[in-house]
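[1] from the sequence below, what's the structure:
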Amino acid sequence: MTREQYILAAQQNNLQRAETPQFYPVGIYGWRKRCLYFFVLLLLVIMIVNLALTIWILKVMNFTVDGMGNLRVTKKGIRLEGVSEFLLPLYVKEIHSQKDSPLILQSDRNVTLNARNHLGQLTGQLTVGSQAVEAQCKRFEVRSSESGKVLFAADEDEITIGSDRLKVTGTEGVVFDHSVETPYIRAEPSQDLRLESPTRSLTMEAPKGVQISAEAGDFKATCRKELHLQSTEGEIFLNANTIRLGNLPQASFSSSPTTATTPRQTVYEICVCPNGKLYLSPAGAASTCQTSSSICLWS
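    You can find the predicted model right below:
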(Lines give C-alpha, C1' and ligand atoms only; values in the text may rest on other atoms or scores of the structure.)
Protein backbone atom coordinates (compact mmCIF):
# COMPACT_ATOMS: atom_id res chain seq x y z
CA MET A 1 0.00 0.00 0.00
CA THR A 2 1.26 3.34 -1.00
CA ARG A 3 1.62 6.13 1.48
CA GLU A 4 -1.30 8.06 0.05
CA GLN A 5 -3.60 5.08 0.43
CA TYR A 6 -2.58 4.58 4.09
CA ILE A 7 -3.23 8.20 5.00
CA LEU A 8 -6.62 8.09 3.28
CA ALA A 9 -7.65 4.93 5.13
CA ALA A 10 -6.58 6.44 8.49
CA GLN A 11 -8.63 9.58 7.85
CA GLN A 12 -11.70 7.50 7.06
CA ASN A 13 -11.32 5.57 10.30
CA ASN A 14 -11.02 8.80 12.32
CA LEU A 15 -14.17 10.14 10.70
CA GLN A 16 -16.05 6.99 11.59
CA ARG A 17 -14.87 7.17 15.24
CA ALA A 18 -15.88 10.82 15.49
CA GLU A 19 -19.34 10.01 14.19
CA THR A 20 -19.96 7.26 16.88
CA PRO A 21 -18.64 8.55 20.34
CA GLN A 22 -18.85 6.25 23.48
CA PHE A 23 -20.26 7.49 26.91
CA TYR A 24 -19.27 6.03 30.36
CA PRO A 25 -21.71 6.59 33.30
CA VAL A 26 -20.31 8.55 36.35
CA GLY A 27 -21.90 8.27 39.93
CA ILE A 28 -23.53 5.71 42.25
CA TYR A 29 -26.48 3.83 40.97
CA GLY A 30 -28.54 0.86 41.97
CA TRP A 31 -28.33 -0.77 45.41
CA ARG A 32 -25.26 1.27 46.37
CA LYS A 33 -27.27 4.46 46.02
CA ARG A 34 -30.10 3.08 48.13
CA CYS A 35 -27.66 1.99 50.89
CA LEU A 36 -26.05 5.43 50.92
CA TYR A 37 -29.41 7.14 51.33
CA PHE A 38 -30.32 4.69 54.10
CA PHE A 39 -27.13 5.38 56.09
CA VAL A 40 -27.54 9.15 55.68
CA LEU A 41 -31.12 8.90 56.95
CA LEU A 42 -30.03 6.67 59.88
CA LEU A 43 -27.29 9.15 60.81
CA LEU A 44 -29.78 11.99 60.74
CA VAL A 45 -32.17 10.07 63.02
CA ILE A 46 -29.34 9.29 65.49
CA MET A 47 -28.32 12.94 65.58
CA ILE A 48 -31.88 14.02 66.29
CA VAL A 49 -32.24 11.41 69.07
CA ASN A 50 -28.90 12.43 70.63
CA LEU A 51 -29.91 16.08 70.53
CA ALA A 52 -33.26 15.27 72.15
CA LEU A 53 -31.60 13.17 74.88
CA THR A 54 -29.05 15.90 75.55
CA ILE A 55 -31.77 18.50 75.95
CA TRP A 56 -33.73 16.13 78.20
CA ILE A 57 -30.70 15.47 80.41
CA LEU A 58 -29.98 19.18 80.69
CA LYS A 59 -33.59 19.75 81.69
CA VAL A 60 -33.74 16.91 84.23
CA MET A 61 -30.35 17.61 85.82
CA ASN A 62 -31.17 21.31 85.95
CA PHE A 63 -28.01 22.45 84.22
CA THR A 64 -27.49 26.18 84.36
CA VAL A 65 -24.65 28.61 83.92
CA ASP A 66 -23.89 28.44 87.68
CA GLY A 67 -23.96 24.65 88.03
CA MET A 68 -26.22 21.63 87.94
CA GLY A 69 -28.99 20.35 90.19
CA ASN A 70 -28.32 21.17 93.87
CA LEU A 71 -24.75 22.12 93.02
CA ARG A 72 -23.93 25.75 92.48
CA VAL A 73 -20.52 27.22 91.71
CA THR A 74 -20.07 30.61 93.36
CA LYS A 75 -17.17 32.96 93.91
CA LYS A 76 -16.68 31.62 97.46
CA GLY A 77 -16.69 27.96 96.43
CA ILE A 78 -19.27 25.26 95.79
CA ARG A 79 -22.76 25.38 97.29
CA LEU A 80 -24.91 22.29 97.79
CA GLU A 81 -28.60 22.53 98.56
CA GLY A 82 -30.68 19.72 100.02
CA VAL A 83 -29.41 16.19 100.64
CA SER A 84 -26.20 15.20 98.83
CA GLU A 85 -24.47 11.83 98.61
CA PHE A 86 -20.75 11.25 98.03
CA LEU A 87 -19.70 7.79 96.90
CA LEU A 88 -15.96 8.56 96.80
CA PRO A 89 -13.65 10.50 99.16
CA LEU A 90 -14.27 14.24 99.45
CA TYR A 91 -11.30 16.60 99.73
CA VAL A 92 -12.19 20.13 100.79
CA LYS A 93 -10.64 22.90 102.84
CA GLU A 94 -13.75 24.01 104.71
CA ILE A 95 -17.35 22.83 105.10
CA HIS A 96 -20.02 25.03 106.69
CA SER A 97 -23.79 25.17 106.60
CA GLN A 98 -26.10 28.01 105.69
CA LYS A 99 -26.86 30.69 108.23
CA ASP A 100 -29.11 29.47 111.06
CA SER A 101 -29.06 25.93 109.64
CA PRO A 102 -27.39 22.81 111.09
CA LEU A 103 -24.72 20.82 109.30
CA ILE A 104 -25.54 17.09 109.28
CA LEU A 105 -23.09 14.37 108.22
CA GLN A 106 -24.89 11.04 107.93
CA SER A 107 -23.74 7.53 107.05
CA ASP A 108 -25.23 4.05 107.25
CA ARG A 109 -22.16 2.74 109.10
CA ASN A 110 -19.98 5.51 110.55
CA VAL A 111 -18.60 8.95 109.82
CA THR A 112 -14.81 9.27 109.81
CA LEU A 113 -12.82 12.50 109.60
CA ASN A 114 -9.11 12.15 108.80
CA ALA A 115 -6.31 14.72 109.03
CA ARG A 116 -3.06 14.13 107.13
CA ASN A 117 0.23 15.96 106.80
CA HIS A 118 1.94 17.04 103.59
CA LEU A 119 3.36 13.51 103.18
CA GLY A 120 -0.08 11.94 103.30
CA GLN A 121 0.47 10.36 106.71
CA LEU A 122 -2.49 10.12 109.07
CA THR A 123 -2.08 12.54 112.00
CA GLY A 124 -5.60 12.62 113.45
CA GLN A 125 -8.84 10.71 113.11
CA LEU A 126 -12.36 11.15 114.48
CA THR A 127 -14.82 8.29 114.03
CA VAL A 128 -18.50 8.54 114.95
CA GLY A 129 -20.00 5.04 114.97
CA SER A 130 -23.12 3.34 116.20
CA GLN A 131 -21.36 2.01 119.30
CA ALA A 132 -18.86 4.71 120.24
CA VAL A 133 -17.11 7.92 119.26
CA GLU A 134 -13.36 7.41 118.85
CA ALA A 135 -10.65 10.05 118.50
CA GLN A 136 -7.07 9.14 117.62
CA CYS A 137 -4.61 12.01 117.96
CA LYS A 138 -1.66 13.16 120.01
CA ARG A 139 -3.76 15.53 122.11
CA PHE A 140 -7.52 15.94 122.42
CA GLU A 141 -8.92 19.27 123.64
CA VAL A 142 -12.36 20.72 124.36
CA ARG A 143 -12.40 24.53 124.58
CA SER A 144 -14.99 27.07 125.66
CA SER A 145 -16.70 28.87 122.79
CA GLU A 146 -16.64 32.23 124.59
CA SER A 147 -13.23 32.53 126.23
CA GLY A 148 -11.34 29.74 124.47
CA LYS A 149 -10.39 28.21 127.83
CA VAL A 150 -9.40 24.55 127.80
CA LEU A 151 -12.22 22.66 129.51
CA PHE A 152 -10.89 19.16 128.87
CA ALA A 153 -7.57 17.94 127.50
CA ALA A 154 -6.14 14.44 127.20
CA ASP A 155 -2.84 13.04 125.97
CA GLU A 156 -0.59 10.09 126.77
CA ASP A 157 0.80 11.69 129.94
CA GLU A 158 -2.20 13.26 131.66
CA ILE A 159 -5.83 14.33 131.51
CA THR A 160 -6.63 17.94 132.37
CA ILE A 161 -10.05 19.29 133.39
CA GLY A 162 -10.00 23.07 133.26
CA SER A 163 -13.50 23.87 134.50
CA ASP A 164 -14.02 25.56 137.84
CA ARG A 165 -15.98 22.62 139.21
CA LEU A 166 -16.14 18.93 138.33
CA LYS A 167 -19.64 17.58 138.94
CA VAL A 168 -20.41 13.85 138.88
CA THR A 169 -24.12 13.00 138.91
CA GLY A 170 -23.82 9.20 138.89
CA THR A 171 -25.28 7.30 141.83
CA GLU A 172 -22.12 5.18 142.17
CA GLY A 173 -19.81 8.18 142.39
CA VAL A 174 -16.36 8.22 140.84
CA VAL A 175 -14.02 5.21 140.70
CA PHE A 176 -10.24 5.77 140.50
CA ASP A 177 -7.90 2.85 139.90
CA HIS A 178 -4.82 4.79 140.98
CA SER A 179 -3.95 7.90 142.95
CA VAL A 180 -5.81 11.20 142.67
CA GLU A 181 -4.17 14.59 143.11
CA THR A 182 -6.47 17.50 143.87
CA PRO A 183 -6.35 20.57 146.14
CA TYR A 184 -10.03 20.53 147.08
CA ILE A 185 -12.91 18.05 147.30
CA ARG A 186 -16.39 19.28 148.16
CA ALA A 187 -19.88 17.81 148.03
CA GLU A 188 -23.02 19.56 146.78
CA PRO A 189 -25.01 21.60 149.32
CA SER A 190 -27.13 19.36 151.59
CA GLN A 191 -25.30 16.29 150.26
CA ASP A 192 -22.81 13.97 151.95
CA LEU A 193 -19.23 13.57 150.79
CA ARG A 194 -18.05 9.98 150.98
CA LEU A 195 -14.56 8.64 150.25
CA GLU A 196 -14.59 4.86 150.16
CA SER A 197 -12.24 2.03 149.27
CA PRO A 198 -14.26 -1.23 149.43
CA THR A 199 -11.38 -3.71 149.14
CA ARG A 200 -8.17 -1.76 149.78
CA SER A 201 -6.88 0.99 152.01
CA LEU A 202 -7.64 4.70 151.73
CA THR A 203 -4.64 7.01 152.12
CA MET A 204 -4.63 10.81 152.21
CA GLU A 205 -1.27 12.54 152.03
CA ALA A 206 -0.18 16.17 151.73
CA PRO A 207 3.22 17.85 152.17
CA LYS A 208 1.74 20.58 154.42
CA GLY A 209 -1.22 18.83 155.99
CA VAL A 210 -4.65 17.40 155.36
CA GLN A 211 -7.68 19.38 156.49
CA ILE A 212 -11.08 17.70 156.85
CA SER A 213 -13.99 19.96 157.71
CA ALA A 214 -17.69 19.25 158.20
CA GLU A 215 -19.21 22.62 159.08
CA ALA A 216 -22.88 21.58 159.20
CA GLY A 217 -22.70 17.84 159.79
CA ASP A 218 -20.76 14.90 161.17
CA PHE A 219 -17.41 13.51 160.18
CA LYS A 220 -17.13 9.72 160.23
CA ALA A 221 -14.15 7.47 159.55
CA THR A 222 -14.98 3.76 159.38
CA CYS A 223 -12.72 0.83 158.55
CA ARG A 224 -12.82 -2.95 158.91
CA LYS A 225 -9.43 -3.56 160.54
CA GLU A 226 -7.25 -0.66 161.64
CA LEU A 227 -7.44 3.13 161.54
CA HIS A 228 -4.05 4.85 161.72
CA LEU A 229 -3.57 8.48 162.72
CA GLN A 230 0.15 9.12 162.45
CA SER A 231 2.19 12.27 162.91
CA THR A 232 5.93 11.85 162.44
CA GLU A 233 7.07 15.26 163.72
CA GLY A 234 4.04 16.96 165.29
CA GLU A 235 1.12 15.99 167.46
CA ILE A 236 -2.42 14.75 167.00
CA PHE A 237 -4.78 17.32 168.51
CA LEU A 238 -8.41 16.45 169.25
CA ASN A 239 -10.45 19.50 170.16
CA ALA A 240 -14.12 18.88 170.97
CA ASN A 241 -16.63 19.37 173.75
CA THR A 242 -16.98 15.61 174.11
CA ILE A 243 -14.53 12.91 173.04
CA ARG A 244 -15.90 9.38 173.18
CA LEU A 245 -14.04 6.12 172.75
CA GLY A 246 -16.64 3.39 172.42
CA ASN A 247 -16.30 -0.39 172.76
CA LEU A 248 -13.10 -0.25 174.80
CA PRO A 249 -12.37 -3.46 176.72
CA GLN A 250 -12.78 -3.25 180.49
CA ALA A 251 -10.32 -4.73 182.94
CA SER A 252 -11.54 -6.00 186.30
CA PHE A 253 -9.78 -4.78 189.45
CA SER A 254 -10.74 -4.92 193.09
CA SER A 255 -8.62 -3.85 196.06
CA SER A 256 -10.94 -5.56 198.57
CA PRO A 257 -13.20 -8.58 198.55
CA THR A 258 -16.44 -8.00 196.72
CA THR A 259 -19.46 -7.65 198.98
CA ALA A 260 -23.09 -7.08 198.31
CA THR A 261 -22.86 -3.58 199.77
CA THR A 262 -20.06 -2.52 197.36
CA PRO A 263 -21.38 0.25 195.12
CA ARG A 264 -21.41 -0.25 191.36
CA GLN A 265 -18.25 0.88 189.56
CA THR A 266 -19.01 3.95 187.40
CA VAL A 267 -15.66 5.67 187.09
CA TYR A 268 -12.84 4.27 184.92
CA GLU A 269 -9.48 5.41 183.77
CA ILE A 270 -7.98 4.89 180.32
CA CYS A 271 -4.88 2.74 180.15
CA VAL A 272 -2.50 2.17 177.26
CA CYS A 273 -0.73 -1.09 176.45
CA PRO A 274 2.84 -1.10 175.10
CA ASN A 275 1.45 -1.89 171.68
CA GLY A 276 -0.84 1.17 171.83
CA LYS A 277 -4.08 -0.60 172.67
CA LEU A 278 -6.47 1.30 174.96
CA TYR A 279 -8.57 -0.26 177.68
CA LEU A 280 -10.56 0.80 180.70
CA SER A 281 -9.54 0.07 184.24
CA PRO A 282 -11.70 0.79 187.32
CA ALA A 283 -10.58 4.03 188.88
CA GLY A 284 -9.22 3.92 192.42
CA ALA A 285 -7.33 6.07 194.84
CA ALA A 286 -4.27 5.52 192.66
CA SER A 287 -3.76 4.28 189.09
CA THR A 288 -4.87 0.71 188.54
CA CYS A 289 -3.37 0.27 185.06
CA GLN A 290 -0.42 -1.76 186.32
CA THR A 291 -2.53 -4.19 188.31
CA SER A 292 -4.95 -4.74 185.42
CA SER A 293 -2.36 -4.89 182.67
CA SER A 294 -3.05 -8.56 182.05
CA ILE A 295 -5.47 -7.52 179.33
CA CYS A 296 -2.50 -6.43 177.25
CA LEU A 297 -1.32 -10.02 177.05
CA TRP A 298 -4.43 -11.00 175.07
CA SER A 299 -4.24 -8.16 172.62
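[2] burial of residue 181, as a residue count?
    For residue 181, the neighbour count with other Cβ atoms under 10 Å is 5. C-beta here means a position set from N, CA and C on the backbone, and glycine is covered the same way.
[3] and residue 252, what does it touch?
    For residue 252, the contact set (Cβ atoms under 8 Å, 6 or more residues apart in numbering) comprises 282, 292.
[4] state the phi and psi torsions of residue 296.
    phi -70, psi -20 (degrees, to the nearest 10).
[5] what's the neighbour count on the nearest residue to it once chain neighbours are set aside?
    The spatially closest residue to residue 296, leaving aside those adjacent along the chain, is residue 273, at 3.7 Å (Cβ to Cβ, 6 or more residues apart in numbering). Look at residue 273: counted by other Cβ under 10 Å, it has 15 neighbours.
[6] can you read off the pLDDT for residue 273?
    If you check residue 273, the pLDDT there is 87.
[7] measure it to residue 295 for me?
    Applying Cβ to Cβ, to the nearest Å, the value for residue 273 to residue 295 is 8 Å.
[8] identify the residues contacting residue 185.
    Contacts for residue 185 (Cβ under 8 Å, 6+ apart) come out as 193, 195.
[9] that one looks like it's in a strand, true?
    No. Assessed with DSSP: H, G, I helix; E, B strand; the rest coil, residue 185 is coil; it does not lie in a strand.
[10] wait, residue 28 touches residue 35, no?
    No. Using Cβ atoms under 8 Å, residue 28 is not in contact with residue 35, being 9.1 Å away.
[11] hey, what's in contact with both of residue 273 and residue 295?
    Contacts common to residue 273 and residue 295, judged by Cβ under 8 Å, 6+ apart, are residue 279.
[12] ranges for the strands of the stretch 51-200 of the chain?
    Secondary structure of the stretch 51-200 of the chain (DSSP state E, counting those that start in this stretch): strands located at 67-68, 71-74, 77-80, 111-116, 122-128, 133-136, 140-143, 150-154, 159-161.
[13] out of everything not next to it in sequence, what's closest to residue 138?
    residue 155 (6.4 Å).
[14] number of nearby residues for the one you found?
    Count around residue 155 with other Cβ under 10 Å applied: 12.
[15] for it, give its distance to residue 137.
    9 Å.
[16] and the helices in this protein, which stretches?
    For the chain, the helices defined by DSSP state H cover 3-19, 31-60.
[17] and these, which one averages the lowest pLDDT?
    helix 3-19 (a mean of 58).
[18] can you pull the contacts of residue 66?
    72, 73, 74.
[19] mind pulling up the pLDDT for it?
    76.
[20] and for residue 298?
    Looking at residue 298, the pLDDT reads 69.
[21] what does residue 270 give?
    87.
[22] so what sits opposite it in the bridge?
    For residue 270, the beta-bridge assignment (DSSP bridges) gives partners residue 280.
[23] okay, it and residue 227: tell me how far apart.
    To residue 227, residue 270 is 17 Å away according to Cβ to Cβ.
[24] ok, those two, which is more surrounded?
    Higher neighbour count among residue 270 and residue 227: residue 270, with 12 against 8, using other Cβ under 10 Å.
[25] which residues are in contact with the more buried one?
    Contact partners of residue 270, counting by Cβ under 8 Å, 6+ apart, are 245, 248, 278, 279, 280, 281.
[26] where are the low-confidence patches of this structure?
    1-27, 253-263, 265, 293, 298-299 (pLDDT under 70).
[27] show me it divided up by domain.
    3-68, 244-254+262-299 (automatic domain parsing).
[28] got JSON lines for these, with distance to residue 210 too?
    Output for the domains of the chain, formatted as JSON lines (distance: least, Cβ to Cβ, whole Å):
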{"stretch": "domain 3-68", "distance to residue 210": "69"}
{"stretch": "domain 244-254+262-299", "distance to residue 210": "21"}
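[29] which residue is the nearest non-sequential neighbour of residue 251?
    Nearest to residue 251 is residue 292, by Cβ to Cβ, 6+ apart, at 3.5 Å.
[30] pretty sure the one you found sits against residue 284.
    No. Residue 292 is beyond contact range of residue 284, at 10.1 Å (criterion: Cβ under 8 Å).
[31] settle it for me: which of those two has more neighbours?
    Using other Cβ under 10 Å, the more surrounded residue of residue 292 and residue 284 is residue 292, with 20 against 14.
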